[in-house]
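*Asks:* structure of the sequence below:
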Amino acid sequence: MVLLAGEKDGWVKAAPLSAALDLYRPGAHFLLRPDDPDFKATGLQRTCYVNGDEIHDLAVAGLLKRLGRLEGRLANTFQEWAG
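*Replies:* Residues are numbered from 1 along each chain as shown. From the prediction side, this is the model:
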């Protein structure tokens, strides 16, 4: 699964997600928790994290399916974290 955030001029930031919390590293991964008020918009069902080592820009036109997105404070926090 891939996280999408910050659609701008036909492009989004995308990165792999994982629910393998035993591999979670706070400095390198961005945690997405169900208790966050903006979590529901992600389309995720459980706690996951974003792999910060593999953030890429993807063209929106090339995406086949979108399950959810980051919104509100969660989106802002991710954008700051991702740079």
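
*Asks:* the nearest residue to Y49 once chain neighbours are set aside pairs with what?
*Replies:* Spatially, and ignoring its direct neighbours in sequence, Y49 is nearest to H29 (4.0 Å; C-beta to C-beta, 6 or more residues apart in numbering). C-beta here means a position set from N, CA and C on the backbone, and glycine is covered the same way. When bridges are called by DSSP bridges, H29 pairs up with N51.

*Asks:* pretty sure H29 is touching C48, no?
*Replies:* No: in this structure, H29 is not within contact of C48 by C-beta atoms under 8 Å, at 9.4 Å.

*Asks:* the two: which is more packed in?
*Replies:* Shown here are H29 and C48; by other C-beta atoms under 10 Å, C48 has more neighbours (23 against 20).

*Asks:* neighbouring contacts of the host helix or strand of A75?
*Replies:* In the assignment (DSSP states H and E), A75 maps to helix 72-82. Contact with helix 72-82 is made by 3, 5-6, 13, 15, 30, 32, 36-39, 41-42, 50, 52, 55, 69-70, as judged by C-beta atoms under 8 Å, 6 or more residues apart in numbering.

*Asks:* tell me the buried residues in it?
*Replies:* Neighbour counts over helix 72-82 (16 or more other C-beta atoms under 10 Å) mark 74-75, 78 as buried.

*Asks:* which one of these sits closest to A61?
*Replies:* For those, the minimum distance to A61 (C-beta to C-beta) is 21.2 Å, reached by A75.

*Asks:* I'd like to know how far the closest one sits from L44.
*Replies:* 14 Å (C-beta to C-beta, to the nearest Å).

*Asks:* same check, this time on L67
*Replies:* Note on L67: its distance to L44, by C-beta to C-beta, is 8 Å.

*Asks:* the two: which has the busier surroundings?
*Replies:* Of the pair L67 and L44, L44 is the one with more neighbours under other C-beta under 10 Å, namely 18 against 11.

*Asks:* I figured that one was touching R69, is that so?
*Replies:* No: when contacts are counted by C-beta under 8 Å, L44 is not listed as touching R69 (10.8 Å).

*Asks:* many thanks, we can stop here.
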